[in-house]
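**Q** need the 3D shape of this:
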Amino acid sequence: LYTTHSRDQQMTSSNILITLGRVGCTLSDTPGAASSALALLQQKLCKPPSSFDTLIVDQMVQMAVKAEETSWFQVVDEFTRMSMEAVTAGYGYGPAHGLDYKSCSRAIMSGLEYIARHTSDQNKLQELLLRVLELFINLALEGKKAGDQTSGPTKASSSAFNLGLLLPVLSATVHQMQVIAQPKLRLLKLFRDFWLYCVVMGFAVEGSKLWPAEWLSAVRDVAAKSPSLLSAGSEQYLGRDLMYGSALRNDNVTAAELTDLRSNLLDLLSGSADLIAVVNKLTAAQCTYLMSAYRLESLRVSADTKSFKYVFLYLEDKGIQKDKAGMGQCMHAVADKIFQQFVSLLEQKPRTRQTELELESHAHFLVFQFNNLHKRIQRAADQYLSTLVGKFPHLLWSGSVLTLMLDVLHAMSQSLEDKAKKRQAHEISVPGTALKLVFPEDDSARERLVLDFAARCGEVIQEAVKWAPNQSRSLLQEYIARLELNIGGLQHHTGICLATECAVKYAGLNHLAQAQKASVLEKLPECLKQDTSQFISKLMLRTRCLGEGVSWCTPNCWDCMHLMT
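**A** Below you'll find the predicted structure:
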C-alpha cells in the first residue's frame, strides 16, 4: 500500500479508508478496535475537505450500524454537530471550520437516514428522533436569526432547504416506531415546534409545488406516528404554554404577518361570522398552533382513515377547553374540516369487507362519543354520526352497530342502578369492545345521559325500520333471541326492552290493514292493523331453532359459546 506510484495514490487512499471501516465492523467484539478505527476516520473527515469525505462518511455509517453500540452514538453525535456547524457557518457566524463540512452535508443526511432505516432498537430510535428534532428546531431558529439580520428570499429559501433535507431522516426514524401516544414533555414540545415550522415553511401543504414531493411524503410519514399536539404539563394551561413555550414568539411577529396568519387560518376553516370574530383576536402563536393541529391531523387521516379518532383528543383536552380566547370553538371548526376530508376519503375506498368493518368501527366510536361528559363533544359526535349514516345508510341496519347501541344502553342503565357507584364518577366497560365510557357523578346528569341516549337509539331504530324494514326487524329478533338464550330470561336487560318496544311500535301494517285507506286506519285500534303477531311468531321460531341447535352440540362447544356471546 505504501510503495505504489503517485498515479495510484487515490486508489490507495480509498483502499485504506475502506479497510479501516471493515476492520471497525469486523473486529467490533475486540475491545478498542472499533473506537480506534472510528477515531482515525474522524481525523481525516473534512480535514481538509477532499473527494474522500463521502467515502469516509459511508464507512462511519457502516460502523454505526454494524459495530459496537458506542460507535452508533459517536457517529450520530458527530453528524448532528457537523450539520449544525455547517449551517451556522453558511449564515456568516459560528465556527469557521464549519464551511469545510458543506461538501459532505448531503452525504451526512443520507447517512443519518441509512442509520435510521437499519436501527431496530427502540431506545436508539427514540434517541435519534430527539436529536434530529432538536437539530431541526435549532436550524430553524438559526435560519430565523439569519433572516432577521439579512432579509431576502434567498436566505428564507436556504433556511427551508436545510430543514427539508432532514425530513427524510425523520421519516425513516419514525417508520419503525409505533404511534407516540404518551410523549414526555420534552418530546411533545419538540414535535409542536416541528409542526409549527412545517406550517410556516409550507412543508405540510397538500398539492403544493413549492417543495419536492418527497418532502411532503416524508411529512405525511411523520404525521402518521406523531403525538397529538395537546396542552402540556400538569396544569394544562394552553394559552400560557403557547405564550412562553412556543418557538414562535408573539413579539417577533409583525402586524402584517399576524394578519396573514389569521387570514390563512380562516381560509382553512371557512367558518361562520362568530368564528371570524374569534380568529381575528387570536395571537400568532395561537393561529400557528391551530394550523399545526389541522395540518398534522389532516395528513394523519390522509395516511390512514382509521386515525380519525385522534381528532377527539383535542376536543377533550382540558387546556383547550379552559382557554378563554375561544380556542375550543376554533378546534371544533378544525375537527369539522378534518371530518369532511375523512368522509371524502371513505367514499373513495372500494366496497370491500375490510372497508365495511372500518365503517362499523367508526360508527362504534361515535356512538361512544355521543355519551361524552361534555355537551359540545356529544353534539359533534351526533353530527358526525348523522353525516356518516347519510353517506353510508347501510350502517343504520348494521347488526354490529345495533348490537353495540343496545349493549351500551344496558351497561349505562346498570350503572345507573348500581348503588355502590352512586356519587362518584367511574368508567363503564361494554362487553366485546375495548372502548370505555366515563359516567358522571351527579345523579341527574346520569339520568339525563341515559334518557338522551335511549331516545337516540329509538330514533336510529325507527329510521332503520323505515328504510330496511325486513332486515331491521330480523336483526331485532336475532338480538332478542340470542340474549334471551344467554341470560335465560331471568334478568332484566334494558337493550332487550328497547328492542322489544321498538319492534312492537314499528312492526308495520298487516296484510289486511295495508289494503285500507288512511281514513279507515285512523279509526282502527293498533291490534287490528299492526303486524306484531308476525314479529312474535318469527321470534319464537328463531329462539326455538337456536335453542335446539345449541342442545345438539357437545358441552363447551366453541361455536355455541361464540353464538351465545
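**Q** what's the mean pLDDT across stretch 163-171?
**A** Here stretch 163-171 scores 94 as its mean pLDDT.
**Q** which residues in the stretch 1-150 of the chain form helices?
**A** With helices called from DSSP state H, counting those that start in this stretch, the stretch 1-150 of the chain shows them at 9-26, 33-44, 53-66, 69-90, 105-117, 122-149.
**Q** list the buried ones in the longest one?
**A** It refers to helix 122-149. Under the neighbour-count criterion of 16 or more other Cβ atoms under 10 Å, helix 122-149 has 124-129, 131-137, 139-140, 142-144, 146-147 buried. Where you see a C-beta, it was placed from the backbone N, CA and C, and this is true even at glycine.
**Q** go on, the third one?
**A** Neighbour counts using 16+ other Cβ under 10 Å place 53, 55-66 of helix 53-66 among the buried residues.
**Q** swap in the first one?
**A** Of the residues in helix 9-26, those with enough neighbours to count as buried (16+ other Cβ under 10 Å) are Ser13, Leu17, Leu20, Gly21, Val23, Gly24, Cys25.
**Q** check what pLDDT the closest residue in space to Phe203 that isn't next to it in sequence gets.
**A** Spatial nearest neighbour of Phe203, excluding adjacent residues (Cβ to Cβ, 6 or more residues apart in numbering): Val219 at 5.2 Å. The model reports Val219 with a pLDDT of 95.
**Q** tell me who's in contact with Val219.
**A** By Cβ atoms under 8 Å, 6 or more residues apart in numbering, Val219 lies in contact with Leu167, Ser171, Cys198, Phe203, Ala204, Leu299.
**Q** how close does Ala333 get to Ser228?
**A** 17 Å (Cβ to Cβ, to the nearest Å).
**Q** correction: the previous question concerned Ser28.
**A** 40 Å.
**Q** enumerate every residue touching Glu68.
**A** Glu68 neighbours (Cβ under 8 Å, 6+ apart): Ser28, Asp29, Ala34, Ser35.
**Q** wouldn't the last one be in contact with Thr70 here?
**A** Going back to what we said before, that points to Ser35. Yes - the pair Ser35 / Thr70 is scored as a contact, 6.6 Å apart, by Cβ atoms under 8 Å.
**Q** the more surrounded of the two?
**A** Ser35 (17 against 12; other Cβ atoms under 10 Å).
**Q** how close does that one get to Gln42?
**A** Taking Cβ to Cβ, one finds Ser35 at 10 Å from Gln42.
**Q** Ala333 and Ser228: which has the busier surroundings?
**A** It is Ala333, of Ala333 and Ser228, that has more neighbours when counted by other Cβ under 10 Å, with 23 against 20.
**Q** got a list of what the spatially closest residue to Val343 that is not a sequence neighbour touches?
**A** Nearest non-adjacent residue to Val343, counting by Cβ to Cβ, 6+ apart: Lys391, 5.7 Å away. For Lys391, the contacting residues are Val343, Leu346, Glu347, by Cβ under 8 Å, 6+ apart.
**Q** the residues you listed into a markdown table, with extra columns for pLDDT, distance to Lys309 and neighbour count?
**A** Converted to a markdown table, the contacts of Lys391 look like this (pLDDT from 0 to 100; distance: Cβ to Cβ, whole Å; neighbours: other Cβ atoms under 10 Å):
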| residue | pLDDT | distance to Lys309 | neighbour count |
| --- | --- | --- | --- |
| Val343 | 96 | 14 | 18 |
| Leu346 | 95 | 14 | 18 |
| Glu347 | 95 | 19 | 9 |
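**Q** circling back: can I get the contacts of Glu68 in CSV with pLDDT and distance to Leu373?
**A** Putting those into CSV (pLDDT from 0 to 100; distance: Cβ to Cβ, whole Å) gives the following:
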residue, pLDDT, distance to Leu373
Ser28, 75, 56
Asp29, 76, 58
Ala34, 84, 57
Ser35, 86, 57
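**Q** and those residues, which are buried?
**A** By 16+ other Cβ under 10 Å, those give Ser28, Ala34, Ser35 as buried.
**Q** wait, the second one sits on Arg22?
**A** Read that as Ala34. No - counting by Cβ under 8 Å, Ala34 stays clear of Arg22, with 11.2 Å between them.
**Q** any buried residues in the helix or strand Leu275 falls within, and which?
**A** Assessed by DSSP states H and E, Leu275 sits inside helix 273-279. Residues Leu275, Val278, Val279 are the ones in helix 273-279 that count as buried (16+ other Cβ under 10 Å).
**Q** closest one to Leu357 out of these, please.
**A** The closest of those to Leu357 turns out to be Leu275 (Cβ to Cβ; 35.6 Å).
**Q** contacting residues around the closest one?
**A** Counted by Cβ under 8 Å, 6+ apart, Leu275 has contacts Leu266, Leu269, Gln329, Cys330, Ala333.
**Q** same thing with Trp467?
**A** Residues in contact with Trp467 (Cβ under 8 Å, 6+ apart) are Pro393, Leu396, Trp397.
**Q** and Asp221, how far is that from Pro168?
**A** According to Cβ to Cβ, Asp221 stands 9 Å off from Pro168.
**Q** kindly report the same for Ala140.
**A** On the measure of Cβ to Cβ, Ala140 and Pro168 end up 17 Å apart.
**Q** swap in Lys322?
**A** 38 Å.
**Q** what about these two, which has more around it?
**A** Pro168 (21 against 15).
**Q** residues of the helix or strand hosting the more buried one that come out buried?
**A** Using DSSP H and E, Pro168 maps to helix 167-175. For helix 167-175, the neighbour count (16+ other Cβ under 10 Å) marks Leu167, Pro168, Val169, Leu170, Ser171, Ala172, Thr173, Val174 as buried.
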